[in-house]
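1. need a structure here:
(one chain, ligands or ions: 1)
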Amino acid sequence: MRPILALLGTFVLASAFAAPGTIEPAKAAALAPGQTLSLVATAYGPSLKDNYPYGPVDYYGKPLKPGDVAVDPRVIPLGTRLYVSGYHSSMLPSGGFYAVAVDTGGAIKGNRIDIFINAPDAQVLNFGIQDVTVTVVGASGQVASTPKTGGGSQQSSSSSPAAGSASSGTSAGGGRLKGWTIVVDPGHGRDPRYGNYTGARGVNGVSEDQNVLDIGDRLVADLRAQGAAVYITRGAYDPAPPPVQGLIRRVALAEKVHADLFLSIHQNDGSAQSHGVQTYYYWPRSASLAKDVQQAMVAATGLTNAGIYRRGFYVVYRTTMPAILVEGGFLSNRPEANLISTQAFHVKEASALDFAVLAYAKANPKH
Ligand SMILES: [Zn+2]
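-> Predicted structure coming up:
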């Protein structure tokens, strides 16, 4: 899902990253084949700028390809097959082309459609804003994939781990992570030079970037105590201009140090009722780490299990090692915001993540 439209020259920043999986589009009724719609079209490309904070993947987490279009699912149900015509562009087939509605976007509302074009930004921008005619070819339900999105407090998805003691694994210490290189990535980080990229703003007045930095610092200490080589992607500030360069730099660090694991720590934004832990990953190589993290988080923190999801967030999509992004609770829910802003909770979350890494390392020995 693309929360921004570069053509409009605006970025939806912290809120977009802070709320993965919390935006579940309402569904329109299936459209009748042959029905035509007059829509206003724009185009987008594969660049990070066009897809922030996701990689170049559609709503279902699949790589974007020609023929993909983003729609307002309240107008055109996701999965609907379409024929698009009436535009003028040398980058698209002349006359018209068949398309599938597989994506959404924060700026794609109402009678809007956004056409994926696999070209650099500068070329994609040439498309401008055009009136197009869209003919419904087939009803929805043709996309052979299950949506990877999570609802804020949904209980769906792939894992419902049994509880176990997340603290038992952390006390012995002593080199059990020797030879492991781990990158810890506390999300966001304000920077007065570029604006306040604080991530989610808690209803209790505490910002996500502050909480996750404290958790990250504690996790670094825990992992180092067990012999791992540990890198952290930021201190109080994000040292690269957010949002795009900051994400690129976080991934670049992990690649440069040949990290074995990448752990991105976030807190969520949703409604006043949203609650629980969500863990995100993209590539199959990261699935078992995601499971370990989700299981340990639920067991150690007492937060609700709000599911494991596949989503193409940049840091989990662009990294080449097992990588997860954990959303440890909702800052939009007052009791949960208060809980996840405490030092005691930060200690618990750090030890849960440490335990998850130990469990993963045990199951995937280096030698
Ligand atoms: Zn975040």
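2. For the rest of this, base every contact and every neighbour count on C-alpha atoms.
-> Noted.
3. Can you give me the distance of residue 86 to the ion?
-> The span separating residue 86 from the ion equals 40 Å under the rule CA to the ion, to the nearest Å.
4. near the ion, which residues of the stretch 201-350 of the chain show up?
-> Applying CA under 5 Å from the ion, one finds that the stretch 201-350 of the chain approaches the ion through residue 266.
5. as a whole number, average confidence for the longest helix anywhere in the chain?
-> In the chain, taking DSSP state H as the definition, the longest helix is helix 343-363. Averaged over helix 343-363, pLDDT sits at 96.
6. now swap in stretch 113-124 and tell me
-> 92.
7. what's the first-to-last distance across that stretch?
-> 14 Å (CA to CA, to the nearest Å).
8. In the beta-sheet assignment, what are the partners of the residue nearest the centre of the chain?
-> What sits nearest the mean C-alpha location of the chain, by CA atoms, centre = their mean, is residue 313, with 3.5 Å. With DSSP bridges as the criterion, residue 313 is bridged to residue 54.
9. Touching, it and residue 56? I think so.
-> No - using CA atoms under 8 Å, residue 313 is not in contact with residue 56; the gap is 9.2 Å.
10. Sketch out the low-pLDDT regions of the stretch 101-250 of the chain for me.
-> Within the stretch 101-250 of the chain, the segments meeting pLDDT under 70 span 140-174, 192.
11. all helices for it, in order.
-> 121-125, 208-225, 244-256 (DSSP state H, counting those that start in this stretch).
12. where's the second one relative to the chain centroid, distance-wise?
-> What that stands for is helix 208-225. 20 Å (CA atoms, centre = their mean, to the nearest Å).
13. residues of that helix that come out buried?
-> 208-220, 222-225 (16 or more other CA atoms under 10 Å).
14. Kindly report the same for the shortest one.
-> Neighbour-count burial for helix 121-125, with 16+ other CA under 10 Å as criterion, is recorded at 121, 124-125.
15. Please identify which of those residues is nearest to residue 293.
-> Ranked by distance to residue 293 (CA to CA), these are led by residue 121 at 36.5 Å.
16. so the closest one touches residue 45, yeah?
-> Yes - counting by CA under 8 Å, residue 121 does reach residue 45; the two are 6.2 Å apart.
17. neighbours around residue 110, how many?
-> 14 (other CA atoms under 10 Å).
18. what's near enough to touch it?
-> 72, 74-75 (CA atoms under 8 Å, 6 or more residues apart in numbering).
19. ok, now how distant is it from the ion?
-> 28 Å.
20. Quickly find the element holding the residue nearest to residue 81 when sequence neighbours are not counted.
-> The spatial neighbour of residue 81 that comes closest, neighbours along the chain excluded (CA to CA, 6 or more residues apart in numbering), is residue 100 at 4.5 Å. Residue 100 is part of strand 96-103 when elements are defined by DSSP states H and E.
21. Which strands and helices lie in contact with that strand?
-> Judged by 3 or more CA pairs under 8 Å, 6 or more residues apart in numbering; DSSP states H and E, strand 96-103 is in contact with strand 68-71, strand 81-85.
22. out of those strands, deepest packed?
-> Highest mean neighbour count among these (mean count of other CA atoms under 10 Å): strand 68-71, with a mean of 27.
23. pLDDT wise, what is whatever residue of the stretch 201-350 of the chain ends up closest to the ion at?
-> Proximity of the stretch 201-350 of the chain to the ion (CA to the ion) peaks at residue 266, 4.3 Å away. Residue 266 is assigned 98 on the pLDDT scale.
24. What residues are bridge-paired with it?
-> Under the criterion used here (DSSP bridges), residue 266 is bridged to residue 327.
25. count of neighbours near residue 363?
-> 10.
26. and if you look at residue 273?
-> Other residues near residue 273 come to 13 when the count uses other CA under 10 Å.
27. what are the phi and psi angles of residue 62?
-> phi -90, psi 150 (degrees, to the nearest 10).
28. picking that back up, pull out the buried residues from the strand holding residue 100.
-> For strand 96-103, by 16+ other CA under 10 Å, it's 96, 98-103.
29. Please apply the same query to stretch 45-65.
-> 45-62, 64.
30. Can you redo the buried residues of strand 96-103 as TSV, where the extra columns are distance to residue 29?
-> Output for those, formatted as TSV (distance: CA to CA, whole Å):
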residue	distance to residue 29
96	25
98	21
99	19
100	16
101	14
102	16
103	17
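31. ok, these vs the ion, which is closest?
-> For the buried residues of strand 96-103, the nearest to the ion is residue 103 (21.6 Å; CA to the ion).
32. if we look at the sheet, which residues does the closest one bridge to?
-> Residue 103 has the following beta-bridge partners by DSSP bridges: residue 70.
33. That one: what's it in contact with?
-> Residues near residue 103 by CA under 8 Å, 6+ apart: 1-2, 58-60, 68-71, 78.
34. 10 Å instead, please
-> Contacts here follow CA atoms under 10 Å, 6 or more residues apart in numbering; on that basis residue 103 touches 1-2, 57-62, 64, 68-73, 78-79, 113-116.
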